[in-house]
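Novice: here is the input, now give the coordinates:
(chains A, B and C)
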Amino acid sequence: MDFSKILTKWYLQNKRDLPWRNTVNPYYIWLSEIILQQTRVNQGLAYYEKFIVAFPTVFDLAKADENTILNLWQGLGYYSRARNLHFSAKYIVNERDGKFPATFKDLLKLKGVGDYTASAIASICYNEPCAVVDGNVYRVLARYYGIDIPINSTEGIKLFKKLAQDLIDTNDPATFNQAIMEFGAMQCKPKNPDCSICPFQNSCIAKEEKMVEILPIKDKKIKVTKRFFNYLVLISPMDRTLLNQRKQKGIWRNLYQFPLIETSKEIDISELIKMDELHKITNASNNDITLFNKKPIIHKLSHQHLSVNFWVINSDKEMENSISISDFDKYPVPILIHNFAEAYF
DNA sequence: AAATCGTGGCA
DNA sequence: TTGCCAAGATT
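Specialist: Take a look at the predicted model:
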């Protein structure tokens, strides 16, 4: 039996029952693929369920407010996915009369849809023989063929795409693509795969050469920068507070947060009280300010480590542009802010 | 082409 | 505790 035949057989016996496997509606497949980018199935599942209820069609998504969408996306990370999802929904409704793109080429025109996602939708929904290459596929192919070329090098990206494209079952690309990804996720796992039950144990080069644990190769470690955030949590007599929207590009774009003073190092209250930025926001004095957390909260993003202090400031009067604390949940916020609110409000 | 963009689970 | 990395895309 060839690779595709063995793979498909394994898939039909071992595949998980996932909600997006019961449809070929491109809107639902698109939604699921965006949610699952760089995201584990277990984390994305609840979000998929929420989204199809809130936005049953691309028209519902297109006419929603961005805040509503970001609010549902809250906690999932990589928020540009949500913004691009909204942008592309509007594009499909307004520029294509609600007709979903039906070819790889046209799918690629959607913001947030790259080679992988276009291939996934084209194959699953329209049987176009476009091979997907995600993290799972890199791992399966690197091991099966014993390839030590870095998967994130220009050469590697090109090579693995060609390998997958040569391997794909053109008679049933939808099943092949989902099978190879599921196989990577469930059987050919990153750590401690059980090769003794693998259907490829007699043909896998990595298994033969004891390379399973070191493949695939990925080079370049990301540099982590440290930042110091001081959030000012102002509380008014009527239980109102201040929130700002992050408009600049960078992390958490378009999400909300408390007024922020970013510093180049950790500061204590005596240093905080000296800062001009503080007095532009409040006239509170030393006595009105208390540090919520005993130690700085270390919030780790993939390439930034944030050291965060929440300074709670009792304001003696009401403030301009404040929001009621009871309305806090209406604003999309980073999980860091959400966790603070959960603990304090 | 290399950097940037979140969060959570796991060994 | 630390590092890896997950149905990647964008600039």
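
Novice: residues of the stretch 201-345 of chain A that sit close to DNA strand B?
Specialist: Residues of the stretch 201-345 of chain A lying close to DNA strand B (Cβ under 7 Å from any atom of the strand) are A:220, A:222-223, A:225, A:249-253, A:299-304, A:334-336. The C-beta positions use only the backbone N, C-alpha and C, and glycine is treated the same way.

Novice: buried ones only from those residues, please, as a PyMOL command.
Specialist: This is how PyMOL selects the buried members of these, with burial counted by 16 or more other Cβ atoms under 10 Å:
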select buried, chain A and resi 251+252+299+334+336
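
Novice: just the ones in helices from the residues of the stretch 201-345 of chain A next to DNA strand B, please.
Specialist: A:335, A:336 (DSSP state H).

Novice: and residue A:287, what's its pLDDT?
Specialist: pLDDT, residue A:287: 87.

Novice: quickly note the distance from it to residue A:314.
Specialist: 9 Å (Cβ to Cβ, to the nearest Å).

Novice: quick one: which of these two has more around it?
Specialist: Set residue A:287 next to residue A:314 and count neighbours by other Cβ atoms under 10 Å: residue A:314 wins out with 15 against 7.

Novice: quick check: phi and psi at that one.
Specialist: phi -80, psi 120 (degrees, to the nearest 10).

Novice: bridging residues for it?
Specialist: residue A:235 (DSSP bridges).

Novice: list phi and psi for the closest residue to residue A:302 other than its chain neighbours.
Specialist: In space, and not counting its chain neighbours, residue A:302 is closest to residue A:222: 6.8 Å by Cβ to Cβ, 6 or more residues apart in numbering. When read as degrees, to the nearest 10, the backbone of residue A:222 gives phi -80, psi 140.

Novice: coming back round to it: filter the residues of the stretch 201-345 of chain A next to DNA strand B down to the ones in strands?
Specialist: A:225, A:299, A:300, A:304 (DSSP state E).

Novice: residue contacts, the first one?
Specialist: Right, the one you point to is residue A:225. With contact set as Cβ atoms under 8 Å, 6 or more residues apart in numbering, residue A:225 has these partners: A:303, A:304, A:305.

Novice: from those residues, pick the one nearest residue A:143.
Specialist: Using Cβ to Cβ, residue A:303 comes nearest to residue A:143 of the contacts of residue A:225, at 27.4 Å.

Novice: wait, doesn't the closest one sit right on residue A:224?
Specialist: Yes - under the criterion of Cβ atoms under 8 Å, residue A:303 makes contact with residue A:224 at 5.7 Å.

Novice: quick check: phi and psi on residue A:231?
Specialist: Per-residue torsions, residue A:231: phi -90, psi 130 (degrees, to the nearest 10).

Novice: go ahead and confirm it touches residue A:262.
Specialist: No - using Cβ under 8 Å, residue A:231 is not in contact with residue A:262; the gap is 10.0 Å.

Novice: the two: which is more packed in?
Specialist: Shown here are residue A:231 and residue A:262; by other Cβ under 10 Å, residue A:231 has more neighbours (20 against 11).
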